[in-house]
Structure formats: C-alpha cells, structure tokens
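Asks: Okay, structure incoming, though there's no sequence with it:
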Ligand code: KG4
Ligand code: ZN
C-alpha cells in the first residue's frame, strides 16, 4: 500500500510517498525558514502564503521521486493538527481536494503522534538517509521533543497509547528558540544554541531544574528565565535590563557558557525522565522523535544513561516531514475508517 503524506503544520511544506508503513520512496521538504529568520520566529501569515505557493510542486516532486503517479497511490494522509491554523488549512484543503478528484481514501493524522512514526521507517533507496534496521518493539516508550511539544508517551500498540507526562509550559524546542533569541543567535534556536554550546563550559553556570509534582512532567519556562537572569548578571546589569539589549552586552565566551549550561540542564532533565520511565515500564524499545531529537548531545546523554539502546530517526526525519505522516496513516488505516473528504477539519490545538 503506497500512501502519499502531506505536512504543512508550521513552516515546512512537505510531501512523501511511503510503502507499507516502512519503505520510504520519497520525502520532499520545502521550507519558508529564510523568510522567518529575519523576524526571529515563524510569522503565521507568511508561512500560510508560502504553503500555497509550494504545495502542488512539492507533491508533484514527491510522486516523481517515488517513480509513481496517481494510479500508484492507494491513499492520502495529511496533518490535521496541532499547528498553525492558516498553515494546516492549506494542507488539509489540498488533501481533501485531491482525495475527491483522484478518488482516494483520506486520513487526517495527529502531527505529534506522527513524529514517533519516523522511527518506523526502516528501508529506503533514497541517498543520504540512515534508517534503523528494525522497527521499534512494543511497548514503545517515546520522548517527543519539538518546538511545540515535550511529551513522554507509552505506546502499547499502534493507536493505543498512554501519555505519561508533558510540559506544563514551554516546549523544550521553544526554550532553545527563546534562549537563542536572548543570545542573539539565529532562528531556529536549537541548532544555533547547540553550535554555540560546543565552545562553552556546561558546568560554568548552575541553572535550576524544575521540580514537578508528577514525575514525568516537565517545565522549561523557569529555566529560560534563569538563563535571562544569569545573562544579565554576566553582563553586569540588573534584572530590569531588557533582554533585547543583552546579546550586545555579552562576550562570545559568555554566550557560549550560557548556551552550554542551558543545554546541559535541559538535556539532563529530559534524559532523567526518560530513564525513570524506562526503568518503571520496561519497554520493548525506547525512541526519540521531534526536532530536538536531532541534537547530538541529547542522543549521547541518552545513550550513556539508559541501559538499552535508544532509537532515533535520521536527522532529516526528526524535524517536520511528510514521511512520518504517511507512515502513521498506514498503521491507522488498519484499524480505523478513512475520514470524510468533504468534512475533514483542522485542529490547531489537537492533543494526543
Ligand atoms: O519537530 P519540529 O521540526 O517542529 C515542531 O513540530 O515543533 O521541531 C522544531 C524545533 C525547534 O524548536 C528547533 O529549534 C528544534 O526543534 N531543533 C533543535 C535542533 N534542531 C531543531 N533543538 C536542539 N538541537 C537541534 N539540533
Ligand atoms: Zn513537528
């Protein structure tokens, strides 16, 4: 079964063809990132307009790379939420129209759940992809870390999962992005903080770890504020000094120490929770997913701490892509009916 996936929840317009939920035939991603970098974050209106321009060429490219045409596609999958309203609308309306005109079943899927399914892709002839050899074994313990989400989820089977914990405020990727802005590093903050951190001392500034009443919940907003206060102190200013002026008042070495200390604390928080859940639930596999799972220090720390190997997607499949959407829809189609193409809506705040 070949599924065409469509993803447009944030600033990436992506289309992919996946066969039988594990064979990656194509994965095309166009991003409007350059347009947002100037503003230091995603501008929803610009993202939506860029999706409109890119979505049809991206889908055509995905079919061409997969060496197929509409006759070879068995179903269409699309992100129905969570995400930006305008961005989601472009993907869902395109998918609905194609499902009707090409007469294909349509599956609207949850973007956050789909991130985990990047780990179910095990086979490709596409150049430049490093995929796991085997699929994860249930029960699967998943740490989903992205710009909008930080969740620890136990999947007993496809579609049967339990949310163990999640962030009470900022997502960890959002904290990376905010710390980057504070340090005057380019958007998206995750990769730029990771690069700056390489030259800093992670133990130079002691930052607090949030204590949560529920052991698998997270909070990153206090950590972000602690970085702000430490930056003000290093710059010799008090707490009234505006964060927008700080990057000019800090040296490169001070920025590196702040980035390294922030990253050290954030990663330790994530890995401690993951290790605790692995011990309690004894999963068949532990996986990571989402944009922050691209972080090599996070991967290293998880490998050092957990007693069993941790599975993560190829770096290109950590950030938003349509391959994970098509993969999830394959397993969903086995147990649930297709969505109604005249009715499928968008759900900007969809939870797991
Ligand atoms: O999964 P994703 O592409 O989009 C959402 O669904 O949110 O994740 C984007 C997030 C951004 O916050 C970005 O800063 C972060 O992932 N990110 C990273 C890295 N690459 C992307 N964070 C830490 N280290 C990275 N290497
Ligand atoms: Zn995402």
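Replies: Looks like it came in fine. Note that this is a predicted model, so its numbers are computed, not measured. Residues are numbered from 1 along each chain as shown. Ligands and ions are numbered 1, 2, ... in the order given.
Asks: What segments of the stretch 101-250 of the chain are strands?
Replies: Ranges of strands within the stretch 101-250 of the chain are 106-110, 123-124, 140-145, 150-157, 160-166, based on DSSP state E, counting those that start in this stretch.
Asks: roughly how far out does the fourth one sit from the chain middle?
Replies: Okay, so that is strand 150-157. Mean C-alpha position of strand 150-157 versus that of the full chain (C-alpha atoms, centre = their mean, to the nearest Å) differs by 15 Å.
Asks: ranking the strands of the stretch 101-250 of the chain by burial, who's on top?
Replies: Highest mean neighbour count among the strands of the stretch 101-250 of the chain (mean count of other C-beta atoms under 10 Å): strand 140-145, with a mean of 27. Backbone N, C-alpha and C define where each C-beta goes, glycine included.
Asks: right, is that one up against ligand 2?
Replies: No. Using C-beta under 5 Å from the ion, strand 140-145 never reaches ligand 2; the gap is at least 8.7 Å.
Asks: Let me see the contact set for residue 210.
Replies: Residue 210 makes contact with 218-220, 222-223, 269, according to C-beta atoms under 8 Å, 6 or more residues apart in numbering.
Asks: And the helices in the stretch 201-350 of the chain?
Replies: Assigned by DSSP state H, counting those that start in this stretch, the helices in the stretch 201-350 of the chain fall at 221-234, 246-249, 252-281, 296-305, 315-318, 323-335.
Asks: helices and strands around the third one, which ones?
Replies: In this structure, helix 252-281 packs against strand 140-145, strand 150-157, strand 160-166, helix 172-182, helix 189-197, helix 221-234, helix 296-305, with contacts taken as 3 or more C-beta pairs under 8 Å, 6 or more residues apart in numbering; DSSP states H and E.
Asks: Take these and lay them out in JSON lines including distance to residue 122 and mean pLDDT.
Replies: What follows is the helices and strands packed on helix 252-281, written out as JSON lines (distance: least, C-beta to C-beta, whole Å; pLDDT from 0 to 100):
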{"stretch": "strand 140-145", "distance to residue 122": "14", "mean pLDDT": "98"}
{"stretch": "strand 150-157", "distance to residue 122": "17", "mean pLDDT": "98"}
{"stretch": "strand 160-166", "distance to residue 122": "20", "mean pLDDT": "97"}
{"stretch": "helix 172-182", "distance to residue 122": "26", "mean pLDDT": "96"}
{"stretch": "helix 189-197", "distance to residue 122": "26", "mean pLDDT": "97"}
{"stretch": "helix 221-234", "distance to residue 122": "35", "mean pLDDT": "97"}
{"stretch": "helix 296-305", "distance to residue 122": "18", "mean pLDDT": "97"}
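Asks: Now render those as a markdown table, adding distance to ligand 1.
Replies: Below are the helices and strands packed on helix 252-281 laid out as a markdown table (distance: least, C-beta to the nearest ligand atom, whole Å):
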| stretch | distance to ligand 1 |
| --- | --- |
| strand 140-145 | 8 |
| strand 150-157 | 10 |
| strand 160-166 | 14 |
| helix 172-182 | 3 |
| helix 189-197 | 2 |
| helix 221-234 | 12 |
| helix 296-305 | 7 |
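Asks: mind putting the strands of the stretch 101-250 of the chain in JSON lines, distance to residue 45 included?
Replies: Listed next are the strands of the stretch 101-250 of the chain as JSON lines, based on distance: least, C-beta to C-beta, whole Å:
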{"stretch": "strand 106-110", "distance to residue 45": "23"}
{"stretch": "strand 123-124", "distance to residue 45": "35"}
{"stretch": "strand 140-145", "distance to residue 45": "27"}
{"stretch": "strand 150-157", "distance to residue 45": "27"}
{"stretch": "strand 160-166", "distance to residue 45": "29"}
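Asks: Is stretch 43-55 in proximity to ligand 1?
Replies: No. Using C-beta under 6 Å from any ligand atom, we find that stretch 43-55 stays clear of ligand 1, coming within 12.0 Å at best.
Asks: pLDDT averaged over that stretch - what is it?
Replies: Stretch 43-55 shows an average pLDDT of 93 in the prediction.
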